[in-house]
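Q: sequence and predicted structure below; questions after.
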Amino acid sequence: MPVLNRIADFAEEMKGWRHHLHQIPELEFDCHQTAAFIEARLREIGVDEIHPGIARTGIVAIINGQGAGRTIGLRADMDALPIEEATGAAHASQIKGKMHACGHDGHVTMLLGAAKYLAETRRFSGRVALLFQPAEEDGGGGQVMVQEGVMERFDIAEVYGIHNAPGVPFGQFQTNSGALMASVDTAFVYLTGKGGHAATPHDCIDPVVAVVAMVQAVQTIIPRNVYALDEAVISVTQIHTGTASNIIPEEAMFCATIRCFKPEVRKLLKKRIYEIVEGTAAAYNVAARIEYDWGYPATINHAAQAVFAAAVAEEVTGRVDADSPREMGSEDFSYMLEARPGAYLFMGTGPGAGLHHPAFDFNDEAAPVGASFFARLIERALPLAAR
């Protein structure tokens, strides 16, 4: 597996970076210690420009190549998750109730490793824009960075990102030339009836039977309103109501996650949820309120860039599935792909606990592979002019 020799030389240094980051997990936009560590490493590495404070704690750093050319963006997410760690590792989280359970510490390390190599060698034309992004897990930091104008400000022509994939064979890259990950929306439905004694339901307006009917009806949307080949998922994940066995409650609520790939299907799902909730509420004589969180759009690769990135991955590891099935998870890199051409890939890290699990820990052996992919992508996308 041809990890670039120079990157292999500082693999232990990268491991140290990753272990430090793993011990200081931060959530959403509050990545202050993480950003300070990244900025310090970038100064040591010798990048040409550092622009902190983007999307609150995000950073954009610039490395200039030799001569004029385009600017390619490389993105790593920085934030952690509100999970109590159970790895038992010597470098485990030092912050109670927070951990890097999705490997974003590894993503930052891979991008820093690529930055160190590219700043030393500069065997490319144009510029590299290193995008260190907060709030991927919650908050849409990718959207905020786009809204704050990073693509225009730094003249980014294309943008690329990778995500570690535990359970996928080590070093195997997976991607495709279209929709890779789904959009995600969330519906919170709140019902109000009239509570009272369970022995006299005729004196009450029961929100329990209403919420049960709504949940059952919502589950008919996918099989009866969505074309069978347009993948979509609605999962009801919460139902809350009641306090005692002999009391009809005043209120009930349910929550659902809604995922699909096509914008027209996304609109249809929202429409049908509103229709079902409002119609069922009228039938059961309860008041209904819906909070509909329009979340991340689908992550859709641009075909030419996906083919190119797959070719680079093939060069680095020799193992690529360039026609990988799309999946129902979501990712706010989608906003960057809406703003600029680019591609997103998964990189296998071998056996281990899955993402968002308390026992998850990024495989440090994978960091040089990801760094080599980023570095080689820049050298292939921005080749030096013939002399």
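A: Nice, I can see it.
Q: so, low pLDDT: which residues of the chain?
A: Low-confidence segments of the chain, defined by pLDDT under 70: 1-2, 386-387.
Q: could you redo the last one with a cut-off of 50?
A: For the chain, the stretches with pLDDT under 50 are 1.
Q: how about the helices in it?
A: Secondary structure of the chain (DSSP state H): helices at 5-9, 11-23, 32-45, 104-121, 141-147, 150-153, 207-218, 221-225, 263-284, 303-317, 333-339, 367-381.
Q: compare these and give me the one nearest residue 354.
A: Across the helices of the chain, residue 354 has its closest neighbour in helix 104-121 (14.5 Å, CB to CB). Placement of C-beta: from N, CA and C, glycine included.
Q: may I see the buried residues of the closest one?
A: 104-119 (16 or more other CB atoms under 10 Å).
Q: cool, and stretch 91-105?
A: Buried positions in stretch 91-105, judged by neighbour count with 16+ other CB under 10 Å: 91, 93, 98-105.
Q: count of neighbours near residue 307?
A: For residue 307, the count of nearby residues is 15 (other CB atoms under 10 Å).
Q: check contacts around the closest residue to residue 300 other than its chain neighbours.
A: Leaving out its chain neighbours, the residue that sits closest to residue 300 by CB to CB, 6 or more residues apart in numbering is residue 179, at 5.0 Å. Residues in contact with residue 179 (CB atoms under 8 Å, 6 or more residues apart in numbering) are 261, 298-301, 326.
Q: which of the buried residues of helix 104-121 sits closest to residue 29?
A: Sorting the buried residues of helix 104-121 by distance to residue 29 puts residue 104 at the head of the list, at 13.5 Å, by CB to CB.
Q: contacting residues for the spatially closest residue to the closest one that is not a sequence neighbour?
A: Leaving aside its chain neighbours, residue 104 sits nearest to residue 77 (4.7 Å; criterion: CB to CB, 6+ apart). Neighbour list for residue 77: 104, 107-108, 133-134, 136-137, 141-142 [criterion: CB under 8 Å, 6+ apart].
Q: could the buried residues of stretch 91-105 be laid out in CSV, adding distance to residue 212?
A: Output for those, formatted as CSV (distance: CB to CB, whole Å):
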residue, distance to residue 212
91, 47
93, 40
98, 36
99, 36
100, 39
101, 33
102, 34
103, 39
104, 39
105, 43
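Q: and the residue nearest to residue 300, how far from residue 258?
A: Distance from residue 179 to residue 258, counting by CB to CB, to the nearest Å: 16 Å.
Q: one more: residue 175?
A: Residue 175 sits 25 Å away from residue 258, going by CB to CB.
Q: who has more neighbours, those two?
A: Neighbour comparison, residue 175 and residue 258: the larger count goes to residue 258, with 27 against 24 (by other CB under 10 Å).
Q: how many residues are close by the closest residue to residue 366 other than its chain neighbours?
A: Once flanking residues are discounted, residue 366 sits nearest to residue 349: 4.4 Å by CB to CB, 6+ apart. By the measure other CB under 10 Å, the count of residues near residue 349 is 27.
Q: contacting residues around residue 349?
A: 103, 164-166, 168, 170, 362-363, 365-366.
Q: repeat that with 6 Å
A: Listed by CB atoms under 6 Å, 6 or more residues apart in numbering, the contact set of residue 349 reads 164, 166, 363, 366.
Q: can I see the domain layout of this protein?
A: Taking automatic domain parsing as the domain assignment, the ranges for the chain are 5-180+298-381, 183-293.
Q: which of the ones you listed is buried the deepest?
A: When neighbours are counted by mean count of other CB atoms under 10 Å, the highest per-stretch mean among the domains of the chain falls to domain 5-180+298-381, a mean of 20.
Q: endpoint to endpoint, it covers what distance?
A: Length of domain 5-180+298-381, first residue to last, CA to CA, to the nearest Å: 20 Å.
Q: start at 554, not 1
A: Renumbered: residue one is now 554, and that last one reads domain 558-733+851-934.
Q: show me how far it is from its chain's centre.
A: Per CA atoms, centre = their mean, to the nearest Å, the displacement of domain 558-733+851-934 from the mean C-alpha position of its chain is 11 Å.
Q: ditto for stretch 735-744
A: Relative to the chain's own centre, stretch 735-744 is displaced by 18 Å; criterion: CA atoms, centre = their mean.
Q: with only the CA atoms kept, save it in PDB.
A: Extracted as PDB, the C-alpha positions of stretch 735-744 are listed here (Å, rounded to 0.1, in the frame of the first residue of the first chain):
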ATOM      1  CA  ALA A 735     -29.500  11.000   2.200                       C
ATOM      2  CA  SER A 736     -31.000  14.200   3.300                       C
ATOM      3  CA  VAL A 737     -32.300  14.300   6.900                       C
ATOM      4  CA  ASP A 738     -35.300  16.100   8.400                       C
ATOM      5  CA  THR A 739     -36.900  15.800  11.800                       C
ATOM      6  CA  ALA A 740     -40.500  16.100  12.700                       C
ATOM      7  CA  PHE A 741     -41.600  16.900  16.300                       C
ATOM      8  CA  VAL A 742     -45.300  16.600  16.700                       C
ATOM      9  CA  TYR A 743     -47.000  17.800  19.900                       C
ATOM     10  CA  LEU A 744     -50.700  17.000  20.700                       C
END
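Q: what about residue 580, distance to residue 854?
A: Distance of residue 580 to residue 854, given as CB to CB: 28 Å.
Q: swap in residue 805?
A: Note on residue 805: its distance to residue 854, by CB to CB, is 41 Å.
Q: how about the contacts made by residue 922?
A: With contacts defined as CB under 6 Å, 6+ apart, the neighbours of residue 922 are 556, 724.
Q: what's the closest non-adjacent residue to residue 923?
A: Leaving aside its sequence neighbours, residue 923 sits nearest to residue 663 (CB to CB, 6+ apart; 3.4 Å).
Q: the one you found against residue 921, yeah?
A: No - using CB atoms under 6 Å, residue 663 makes no contact with residue 921, being 8.3 Å away.
Q: need the max-distance pair from the buried residues of stretch 644-658.
A: Greatest spatial distance in the buried residues of stretch 644-658: 644 and 655, 16.2 Å, computed using CB to CB.
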